[in-house]
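> Structure, please.
(one chain, ligands or ions: 1)
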Amino acid sequence: MNVYDSDRMQAILNAKGFRSEAELRKADVILINTCSIRDKSEQKVLSLLGELKGLKQKDPKKVIAVSGCVGQRMGRTLLQRVPHLDLVLGPDAIDRVGDLIENVVNRGERLVEAKFDEDGRSYSQPCVVNRAKPSEFLTIMKGCDHFCTYCIVPFVRGREKSRSVDEIITDVKNLVSKGTKEVTFLGQNINTYGKGTGQKLSQLIEAANEVEGLERIRYVTSHPRDLGEDLINQFGSISKLCPALHLPFQAGSDRILKAMSRLYTQELYLKKVELLRKACPDIALSTDVIVGFPGETEKDFEETLKVLANVKFSSAFMFKYSPRPGTKAADFGDEVPEIVKEERLARAQQVVYSQIEKENLKYRNTVVSVLVESMDKKKKFFSGRTPHSKLVHVMNVGDASVGKIIDVEITDTNVSCLKGFYVGAPKTNIQFNSFERGIESSFSASLSPTLH
Ligand code: SF4
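Residues are numbered from 1 along each chain as shown. The predicted structure is shown next:
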């Protein structure tokens, strides 16, 4: 969602005449789009702001701004704490980023814009991105009505509001006309898209499936309790809906799930997995896991390991619990010691990574369909994803280009990716190790999530 918001702000600023500048030193405006989901991400923002102090001292006209969830959470406090910061704006103010920056530049004021948009259950935010990538994110709703006890999102993104199906489908058609083949619809709790407006996510998926030229549809993030039968049954029956779903379970123990206020039990979660696999036997499931939630005992944690072992996820984002100020869980006490959290995280990772490694091995000597998303600068190799969301590095190019969907024969795998050759094009003899080093240096420049 932050990548989407950054792209949106970049497009808005471009329309105002700003252009992107990769070197902080040369930039007139430095805008840091931020995430506050974990304490670590917030600390990184504060440390980056500290590093920028020297640049501001050398060039007092330089505008330094913070947008996103840290801006929303800290608001005026952040402006007071960082004297060289000029502008703080929350997620609901991103469409006004151009005007706000101009106000700072023209009037020399230091500003905070961190109010929620309070009107109703619907909102409008037509896509403004000028150039489209083969795979694009599209925010279809904002906010969340659940208050999981560890989560900062409802405090920094507000209550749920949805865009209309018509507006979203118009965006999808525009993106497709610019070359997009895959869209990933974004929402904090996407299963309840349309709440209070009479529209449903399953309707949107059906409408998107009809868009000519669109090849793949994905959505994220689902809440296990809100994933209804209509959505489950679309896997395997809606042709463009990719066989992949991110379904966070967070913890295996019912006692911890209750303390997290997740509103489901392990049994219900596993039931949903069973129904998904009945509807679409080869569906790739990914998940989020928090280890070391306050009060988590070894027995509780073993329930998490049990779910990991049962479900065999295709990928998992696993984190040590970190208290977020203002959330209920931050006052629970009964902290799990850091060393125990680390040890549990390592055990959970070991289970998941060994499963993924085995799963990926099964792809060897098979042919997969890959949407080419990026190519190295010398056009010697490229990367893309399968419908199951597997990252594939391809070592020969032939007539492939970014945006094309091609067949790739998989010859090697590891825990993080599949590697192979574009079927039909002459094979190269690139060694995997040098190939991976090349990938790192070629693509790292495009991975920066901040807008300078
Ligand atoms: S459903 Fe997701 S976004 Fe909403 S409060 Fe829970 S964890 Fe946070």
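
> wait, what's in contact with the residue of the stretch 201-350 of the chain found nearest the ligand?
Distances between the stretch 201-350 of the chain and the ligand by C-beta to the nearest ligand atom are smallest at residue 223, namely 5.0 Å. Every C-beta, even on glycine, is put in place using the N, C-alpha and C of the backbone. Going by C-beta atoms under 8 Å, 6 or more residues apart in numbering, residue 223 touches 146, 189, 191-192, 248.

> Quick check: the gap between residue 190 and the ligand.
10 Å (C-beta to the nearest ligand atom, to the nearest Å).

> Now that residue: closest residue in space that isn't a chain neighbour?
residue 219 (5.2 Å; C-beta to C-beta, 6 or more residues apart in numbering).

> ok, the one you found - contacts?
Contacts of residue 219 (C-beta under 8 Å, 6+ apart): 184-187, 190, 201, 205.

> Tell me which of those residues fall in strands.
184-186 (DSSP state E).

> quick check, nearest of the residues you listed to residue 150?
residue 186 (20.9 Å; C-beta to C-beta).

> count of residues packed around the nearest residue to the closest one once chain neighbours are set aside?
Leaving out its chain neighbours, the residue that sits closest to residue 186 by C-beta to C-beta, 6+ apart is residue 139, at 4.6 Å. By other C-beta atoms under 10 Å, the residues close to residue 139 number 20.

> switch to numbering from 213
All set: I'll call the first residue 213, so the last point we hit is now residue 351.

> which residue ranges form the helices in this structure?
214-227, 251-270, 281-293, 309-319, 365-369, 377-389, 413-421, 441-446, 466-471, 478-491, 510-523, 550-573, 644-655 (DSSP state H).

> Show me which helix or strand of this structure is least confident by mean pLDDT.
When each helix and strand of the chain is scored by mean pLDDT, DSSP states H and E, helix 644-655 comes last, with a mean of 50.

> can you list the weak-confidence ranges in the protein?
Scanning the chain for pLDDT under 70 picks out 642-664.

> And it, what are its domain boundaries?
214-325, 347-573, 579-659 (automatic domain parsing).

> okay if I get these as TSV plus distance to residue 334?
Formatted as TSV, these follow (distance: least, C-beta to C-beta, whole Å):
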stretch	distance to residue 334
domain 214-325	14
domain 347-573	5
domain 579-659	30
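
> I figured residue 617 hits residue 582, correct?
Yes - using C-beta atoms under 8 Å, residue 617 is in contact with residue 582, at 6.9 Å.

> In terms of neighbours, single out the busier of the two.
Ranked by neighbour count (other C-beta under 10 Å), residue 617 and residue 582 place residue 582 first, with 27 against 16.

> count of neighbours near the residue lying closest to that one once chain neighbours are set aside?
Nearest non-adjacent residue to residue 582, counting by C-beta to C-beta, 6+ apart: residue 596, 4.1 Å away. Other residues lying near residue 596 total 27 when counted by other C-beta under 10 Å.

> who does residue 596 bridge with?
As for beta bridges, residue 596 partners with residue 584, residue 604 under DSSP bridges.

> residue contacts, it?
346, 582-586, 603-604, 606.

> if we go to 6 Å?
582-585, 604 (C-beta atoms under 6 Å, 6 or more residues apart in numbering).

> what's near enough to touch the closest residue to residue 568 other than its chain neighbours?
Spatial nearest neighbour of residue 568, chain neighbours left out: residue 627 (5.3 Å); criterion: C-beta to C-beta, 6+ apart. With contacts defined as C-beta under 6 Å, 6+ apart, the neighbours of residue 627 are 565, 568-569.

> with those in mind, which one is nearest to residue 261?
Nearest to residue 261 among these, with distances taken as C-beta to C-beta, is residue 565, at 34.5 Å.

> and this structure, which residues reach the ligand?
356, 358-360, 363, 365-366, 400-401, 435 (C-beta under 6 Å from any ligand atom).

> which of the contacts of residue 435 lies closest to residue 497?
residue 460 (10.4 Å).

> residues near the closest residue to that closest one other than its chain neighbours, how many?
Distance criterion C-beta to C-beta, 6+ apart; nearest residue to residue 460, sequence neighbours excluded, is residue 500 at 3.6 Å. Per other C-beta under 10 Å, the neighbour tally for residue 500 reads 14.

> So residue 500 sits against residue 529, correct?
Yes - assessed by C-beta atoms under 6 Å, residue 500 is found in contact with residue 529 at 4.9 Å.

> Residue 425 - nearest residue in space that isn't next to it in sequence?
Going by C-beta to C-beta, 6+ apart, residue 425 has residue 388 as its nearest residue, at 4.3 Å.

> Ok, residue 538 next?
In space, residue 538 is closest to residue 367, 5.5 Å off (C-beta to C-beta, 6+ apart).

> What about the one you found, how many residues nearby?
Residues near residue 367, counting by other C-beta under 10 Å: 17.

> Same question for the one 5 residues further on.
Each residue near residue 372 was counted by other C-beta under 10 Å, and the total is 21.

> Distance-wise, check it relative to residue 217.
17 Å (C-beta to C-beta, to the nearest Å).

> what does residue 419 give?
On the measure of C-beta to C-beta, residue 419 and residue 217 end up 24 Å apart.

> So for the two, which residue has more residues nearby?
More crowded of residue 419 and residue 217, by other C-beta under 10 Å: residue 217, with 23 against 15.

> who touches the more buried one in this structure?
residue 306.

> if you set the cut-off to 10 Å instead, what comes out?
Applying C-beta atoms under 10 Å, 6 or more residues apart in numbering to residue 217 gives the contacts 245, 279-281, 303, 306-307, 309, 349, 351, 354, 398, 661, 663.
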